[in-house]
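Participant: The following block contains a protein sequence and its predicted model.
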Amino acid sequence: MANNITRRDLFKASGTTALGLGVASLFSACGSGSGSDSAISGKTLKVGLMGPYSGDVAQYGLAVRNGAKLYVKQFNKKGGTKSGKKIDLVVQDEKGDATEAVNVYQKMVEDNVVGIVGDVTSTPSIAVAQASVSDNIPLVTASATAADFIKYGKNAFRACYTDPYQGKLMADFAAQQGYKTVCTIFNSGGDYEKGVNDAFVKEAKKKGLTVATQESYSQGDVDFKAQLANIIAKKPDAVLSPNYYQDDGKIVTQARELGYTGVFLGADGWANIVGGDEDYASGKDLEGCFYDTSFVSANDDKHVQQFIKDYKAEYKSDPTNFCALGYDAAMILLTAIDKVEKDGDAKDYEDYKQKVIDAIAKGKVEGVTGTIKYDGTGDPVKSTLIIGFKDGKEYIETTL
């Protein structure tokens with residue numbers, strides 16, 4: 001990932017604010033998506049792949065695209081579906097914009113896709129999810145964490161965790177570690193940060209932990225010493241910093257400069273805080289800190305290591321969490337399509353889409369971000385890695 005874009009841009013708005021203006025205009029052009037039975041009768045099946053491939057959040061869309069394209073390439077190379085059909089990817093750039101995302105979605109509906117990997121960021125993903133309900137198009141997002149994404153219809157699934165899930169998880173981990181007093185510092189203008197923070201605080205209190213203070217800052221701030229001084233005065237056992245790695249790196253570094261030697265906790269926004277293109281905090285300062293994520297190259301699981309090897313061979317670079325989630329999102333969708341092709345009992349295009357949705361909901365895949373299945377909603381049931389830092393390197397502390 002490039003270093004001049006913050007991941008905070010990735011997960012803006014849960015949808016109600018971002019989509020509050022012009023909802024009717026966004027969806028007025030949406031058709032019934034009746035499609036054509038010819039979409040499932042040829043030698044290929046069209047699958048959509050959409051995301052921001054230009055604009056401010058392009059690096060995340062491109063990472064997801066790389067992962068998804070790698071899986072599709074491997075799938076086709078192995079012969080495609082059990083019926084012998086290959087996947088024809090319809091790739092479209094929505095530029096990180098909700099209105100453009102709906103336009104892209106409509107083009108894919110007109111192309112009679114049998115499913116879509118996308119979208120990537122939360123606001124466009126929610127717009128697409130709303131538009132897709134009447135068409136019953138199977139959607140699998142790699143990375144949209146906003147809870148609202150799956151609430152509109154049963155056709156939408158995600159490969160990633162939600163913000164509230166991560167907050168609860170890290171509070172449970174804090175309790176397991178025996179911490180008694182915790183504090184938090186978070187970007188009050190970010191839905192991702194606030195969502196993780198609020199869930200952490202709620203669960204921490206349930207677990208009997210004392211939340212001594214919640215310090216907030218504004219988007220774009222670079223000096224956190226005033227907030228950190230207030231935190232240090234509370235003498236916490238641990239501090240939750242559920243932000244993105246550029247901010248978290250500054251926060252940890254400044255806290256060490258002020259003399260705080262305790263534990264920092266984070267969510268998946270910490271990925272790439274060290275060991276990527278740039279170390280946002282030193283390995284020494286990160287010693288003893290923890291965050292949750294679904295993918296890390298330190299994982300010696302055979303699926304992970306094979307994926308890393310394949311990704312490097314294809315793109316000549318190391319994969320990130322977004323690449324891995326894109327790979328798994330494509331795996332989820334194509335595994336379901338393969339089952340429908342194997343069963344061979346879809347009556348028509350509309351029935352085919354519903355069977356793909358049902359296959360996702362009832363299926364299970366061994367992804368590079370863990371074993372993924374669903375239990376009544378579009379949120380995945382999957383294990384979570386807790387990553388620690390030791391001697392300047394990341395390691396897996398535990399799996400929850």
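Facilitator: That came through fine.
Participant: Give me the pLDDT for residue 278.
Facilitator: Note for residue 278: predicted pLDDT of 71.
Participant: Between the two ends of stretch 138-158, how far is it?
Facilitator: Stretch 138-158 has an end-to-end distance of 11 Å (criterion: CA to CA, to the nearest Å).
Participant: Of all the residues in it, which ones are buried?
Facilitator: For stretch 138-158, burial by neighbour count (16 or more other CB atoms under 10 Å) applies to 138-150, 152-158. C-betas here are computed from N, CA, C, even on glycine.
Participant: Over to stretch 199-207?
Facilitator: Buried, per 16+ other CB under 10 Å, within stretch 199-207: 199, 200, 201, 203, 204.
Participant: what's the helix or strand for the fourth one?
Facilitator: The secondary structure element spanning residue 203 is helix 191-206 (assigned by DSSP states H and E).
Participant: right, and residue 385 touches residue 297 too?
Facilitator: No. Using CB atoms under 8 Å, residue 385 makes no contact with residue 297, being 11.4 Å away.
Participant: where's the one residue sitting closest to the centre of the chain relative to residue 70, distance?
Facilitator: Nearest to the mean C-alpha position of the chain, counting by CA atoms, centre = their mean, stands residue 143 at 2.4 Å. Residue 143 sits 16 Å away from residue 70, taking CB to CB, to the nearest Å as the criterion.
Participant: where exactly do the helices run in the protein?
Facilitator: In the chain, the helices defined using DSSP state H lie at 23-27, 58-77, 98-110, 122-132, 163-176, 191-206, 225-233, 245-257, 283-286, 302-315, 321-343, 349-362.
Participant: OK, contacts around residue 240?
Facilitator: 170, 174, 182-186, 196-197, 200, 264-266 (CB atoms under 8 Å, 6 or more residues apart in numbering).
Participant: can you put those residues in JSON lines and add distance to residue 100 and pLDDT?
Facilitator: As requested, these are exported to JSON lines (distance: CB to CB, whole Å; pLDDT from 0 to 100):
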{"residue": "170", "distance to residue 100": "34", "pLDDT": "98"}
{"residue": "174", "distance to residue 100": "41", "pLDDT": "98"}
{"residue": "182", "distance to residue 100": "41", "pLDDT": "98"}
{"residue": "183", "distance to residue 100": "40", "pLDDT": "98"}
{"residue": "184", "distance to residue 100": "35", "pLDDT": "98"}
{"residue": "185", "distance to residue 100": "34", "pLDDT": "98"}
{"residue": "186", "distance to residue 100": "30", "pLDDT": "98"}
{"residue": "196", "distance to residue 100": "28", "pLDDT": "93"}
{"residue": "197", "distance to residue 100": "31", "pLDDT": "97"}
{"residue": "200", "distance to residue 100": "34", "pLDDT": "98"}
{"residue": "264", "distance to residue 100": "37", "pLDDT": "98"}
{"residue": "265", "distance to residue 100": "36", "pLDDT": "98"}
{"residue": "266", "distance to residue 100": "32", "pLDDT": "98"}
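Participant: how does the protein divide into domains?
Facilitator: The record's domain parsing of the chain by automatic domain parsing lists 7-161+304-381, 164-293.
Participant: Can you tell me which of the ones you listed is nearest to residue 392?
Facilitator: Closest to residue 392 of the domains of the chain, according to CB to CB: domain 164-293, at 2.6 Å.
Participant: Tell me, please, the helix or strand in this structure that averages the lowest pLDDT.
Facilitator: Lowest by mean pLDDT, DSSP states H and E among the helices and strands of the chain is helix 23-27, with a mean of 40.
Participant: Quick check, pLDDT for the closest residue to residue 373 other than its chain neighbours.
Facilitator: In space, and not counting its chain neighbours, residue 373 is closest to residue 364: 4.0 Å by CB to CB, 6 or more residues apart in numbering. On pLDDT, residue 364 comes in at 97.
Participant: who's in contact with residue 364?
Facilitator: With CB under 8 Å, 6+ apart, residue 364 has these contacts: 371, 372, 373.
Participant: Count the neighbours of the first one for me.
Facilitator: By the other CB atoms under 10 Å criterion, the neighbourhood of residue 371 contains 13 residues.
Participant: so what's the residue nearest to residue 235 when sequence neighbours are not counted up against?
Facilitator: In space, and not counting its chain neighbours, residue 235 is closest to residue 181: 7.0 Å by CB to CB, 6+ apart. With contact taken as CB under 8 Å, 6+ apart, residue 181 is in contact with 209, 210, 212, 234, 235, 236, 237.
Participant: Any idea how many residues pack against residue 227?
Facilitator: 22.
Participant: go on, residue 294?
Facilitator: 24.
Participant: hang on, the earlier thing: output the buried residues of stretch 199-207 in JSON lines, with distance to residue 246 appended to each entry.
Facilitator: Listed next are those as JSON lines, based on distance: CB to CB, whole Å:
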{"residue": "199", "distance to residue 246": "22"}
{"residue": "200", "distance to residue 246": "20"}
{"residue": "201", "distance to residue 246": "23"}
{"residue": "203", "distance to residue 246": "26"}
{"residue": "204", "distance to residue 246": "25"}
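Participant: Residue 158 is in contact with residue 148, isn't it?
Facilitator: No. Using CB under 8 Å as the test, residue 158 is too far from residue 148 to be in contact (11.3 Å).
Participant: any idea of the mean pLDDT in stretch 40-52?
Facilitator: 97.
Participant: Could you list the buried residues of it?
Facilitator: 40, 45, 46, 47, 48, 49, 50, 51, 52.
Participant: go on, stretch 81-89?
Facilitator: Neighbour-count burial for stretch 81-89 [16+ other CB under 10 Å]: 81, 85, 87, 89.
Participant: Please apply the same query to stretch 374-383.
Facilitator: Those would be 374, 378, 379, 380, 382, for stretch 374-383 by 16+ other CB under 10 Å.
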